[in-house]
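*Asks:* Fold the following for me, if possible:
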Amino acid sequence: MSLKDQITEDMKTAMRAKDTERLGTIRLLQAAIKQKEVDERVTLDDTAVIAIVDKLIKQRKDSIAAFTQAARQDLADKEASEITVLQAYLPARLSADEVAAEVKALVAELGATGAGDMGKVMGAAKSRLAGKADMGAVSAAVKAALAG
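*Replies:* Okay, the predicted model is just below:
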């Protein structure tokens with residue numbers, strides 16, 4: 001079963017269970033998927049759906065930071081619950097050690113030496129680790145590998 005089919009099934013389950021919070025988040029995800037498909041006139045595969053889920057989670061994290069700074073804990077909690085629902089659609093993430101090992105291998109493969117090679121390494125890391133690791137953590141690992 002594809003990820004899109006799984007999301008549709010989960011939406012139906014949430015409707016039957018009258019789980020309005022989960023249903024709202026899943027509908028939001030489906031709307032983002034449909035928007036991308038309509039804009040680009042393509043049918044998204046699982047990798048593209050995972051990229052959309054990643055983007056939505058990043059937006060939620062940014063919102064939580066803004067809401068916490070503005071002392072709106074009620075809204076921050078709502079965003080956090082949406083993140084929990086969205087994370088169910090992501091594959092298992094690599095640990096920090098695994099990310100560091102992948103980045104070191106990439107740096108060695110590309111022959112990168114200094115901070116000037118950051119873009120080249122990040123481009124390769126993005127294609128290899130997309131959906132498997134948080135790109136913020138990958139970026140930090142690349143900086144550390146190129147600095148050391």
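
*Asks:* quick one: buried residues of whichever strand or helix holds residue 33?
*Replies:* Taking DSSP states H and E as the criterion, residue 33 maps to helix 20-40. Neighbour-count burial for helix 20-40 flags 22, 23, 25, 26, 29, 32, 33, 36 (criterion: 16 or more other CB atoms under 10 Å). Every residue, glycine included, has its C-beta placed from N, CA and C.

*Asks:* need the helices for this structure, in chain order.
*Replies:* Counting by DSSP state H, the chain has helices at residues 3-16, 20-40, 46-69, 73-87, 96-110, 118-129, 135-147.

*Asks:* And the longest one, how far out from the chain middle?
*Replies:* A distance of 7 Å separates the C-alpha centroid of helix 46-69 from that of its chain, computed with CA atoms, centre = their mean, to the nearest Å.

*Asks:* How about the residue most central in space within the chain, nearest residue that isn't a chain neighbour?
*Replies:* Geometric centre of the chain, nearest residue: residue 54, 1.8 Å, by CA atoms, centre = their mean. Leaving out its chain neighbours, the residue that sits closest to residue 54 by CB to CB, 6 or more residues apart in numbering is residue 131, at 6.8 Å.

*Asks:* What about the one you found, how many residues nearby?
*Replies:* Using other CB atoms under 10 Å, residue 131 has 16 neighbouring residues.

*Asks:* what's it in contact with, if anything?
*Replies:* Neighbouring residues of residue 131 by CB atoms under 8 Å, 6 or more residues apart in numbering: 47, 50, 51, 54, 90, 91.

*Asks:* Next: residue 22.
*Replies:* 10, 14, 85 are the contacts of residue 22 under CB under 8 Å, 6+ apart.

*Asks:* from memory the last one sits against residue 25, does it?
*Replies:* In this case it means residue 85. Yes: contact criterion CB atoms under 8 Å: residue 85 and residue 25 qualify, at 4.2 Å.
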